[in-house]
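> Whatever this is, show me its structure:
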Amino acid sequence: MKYYFAPLEGITNHVFRTTYDKWFGGIDAYYTPFVTTRDGGIMKKKELFDIMPEQNPGIRLIPQIMTTKPDEFVQAATHMKELGYEEVNLNLGCPSGTVVPKGKGSGFLRDPEKLDEFLYRIYEKCPVDISIKSRIGFYDADEFPRLISIYKKYPMKLLILHLRTREEWYKGSVHKETFEYAWDVMKEHRDILCYNGDIFTEKEVVDLSSEFDGLGHIMIGRGYLSHPGFAGNDDQKSDYNNKKTVIDFILDLQSRYEEILYGETPVLFKLKEIWTYLKDAFPDGEKLFKKIKKTKNIKQYNDIIEQL
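Here you go, the predicted model:
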């Protein structure tokens with residue numbers, strides 16, 4: 001089984017990725033939050049800095065690109081190749097209200113014909129492998145058969161299926177029956193299917209492996225934040241039940257943010273954002289998080305962590 005860390009905007013940057021890998025390991029590849037393209041395929045300097053190989057030592061990183069313009073995608077992918085990357089990922093899943101109106105992310109799913117033409121052009125010219133991370137539809141899961149009929153035509157490295165529609169965001173249960181459909185339709189190419197959505201326990205991983213015999217890829221996002229290290233390759237990962245490891249991780253992360261961020265306010269903001277998920281790793285986590293959320297400076301925050 002290959003385990004992938006899903007991108008979470010604002011959280012899974014290079015500091016988080018490398019610190020997480022140091023303390024927990026077990027991840028076969030980390031996917032970056034999407035980078036945006038400009039005319040000529042140029043990205044924002046901040047996004048470019050985050051994906052530079054020297055900022056991500058010792059981990060396998062897959063840059064994620066979001067655009068509706070095939071030429072910009074190819075130019076950005078070419079830039080990635082020049083940096084040493086052999087694979088890029090196309091974002092067809094972001095549900096953000098700032099993205100969808102532009103037809104990007106999951107907004108692209110509303111126009112299958114345009115998407116088909118886009119995929120044809122990028123697969124024709126892209127100098128590196130392309131994987132796709134997609135939701136199963138925009139409004140309804142019934143849109144998925146049309147989408148996968150398009151995806152089947154292209155030599156994608158991996159097809160990561162987040163088993164919700166855009167309209168569902170991250171609410172409600174995932175559509176496991178849609179993955180069952182994909183598993184059947186892609187019988188000859190099951191090796192490229194990756195399951196993504198609401199995986200929070202080891203039992204869920206075991207059940208998926210049993211239900212989809214031969215499943216080779218799982219992507220986890222929020223589950224790795226709420227229970228760091230709970231799933232991964234056993235020869236690489238640490239004991240996620242060791243709460244001291246979780247504390248050491250968050251302390252190390254804090255120290256690294258204090259080195260690169262200006263002032264304690266942005267550091268505290270980053271830590272609080274991570275604790276919205278990390279609280280689930282501790283008994284009475286909700287009470288703990290309420291205390292953390294009320295802190296107004298690093299000293300107050302540190303006092304709580306010291307007690308913990």
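
> now the strands for the protein?
Assigned by DSSP state E, the strands in the chain fall at 2-5, 29-31, 35-36, 61-62, 64-66, 87-92, 129-135, 159-162, 193-196, 217-220.

> Quick check: which of those is nearest to residue 266?
strand 35-36 (21.2 Å; Cβ to Cβ). For every residue, glycine as well, the C-beta is placed using N, CA and C.

> Show me what that closest one is in contact with.
Applying Cβ atoms under 8 Å, 6 or more residues apart in numbering, the external contacts of strand 35-36 come out as 43, 44, 47, 48, 51, 63, 64, 65, 66, 67, 76.

> Turn those residues into JSON lines, including distance to residue 217.
As requested, those are exported to JSON lines (distance: Cβ to Cβ, whole Å):
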{"residue": "43", "distance to residue 217": "27"}
{"residue": "44", "distance to residue 217": "29"}
{"residue": "47", "distance to residue 217": "25"}
{"residue": "48", "distance to residue 217": "27"}
{"residue": "51", "distance to residue 217": "21"}
{"residue": "63", "distance to residue 217": "18"}
{"residue": "64", "distance to residue 217": "16"}
{"residue": "65", "distance to residue 217": "20"}
{"residue": "66", "distance to residue 217": "21"}
{"residue": "67", "distance to residue 217": "24"}
{"residue": "76", "distance to residue 217": "24"}
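
> Which of those residues fall in helices?
Counting by DSSP state H, the contacts of strand 35-36 place 47, 48, 51, 76 in helices.

> My guess is residue 55 contacts residue 46. True?
No - using Cβ atoms under 8 Å, residue 55 makes no contact with residue 46, being 11.5 Å away.

> With neighbour numbers in mind, choose between the two.
Ranked by neighbour count (other Cβ atoms under 10 Å), residue 55 and residue 46 place residue 55 first, with 14 against 9.

> which ones are touching the residue nearest to the more buried one when sequence neighbours are not counted?
Closest residue in space to residue 55, ignoring its immediate chain neighbours: residue 14 at 4.2 Å, by Cβ to Cβ, 6 or more residues apart in numbering. Shown in contact with residue 14 (Cβ under 8 Å, 6+ apart): 50, 51, 55, 56.

> If any of those residues are buried, put those into a PyMOL selection.
Buried residues within these, by 16 or more other Cβ atoms under 10 Å, are selected in PyMOL with:
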select buried, resi 50+51+56
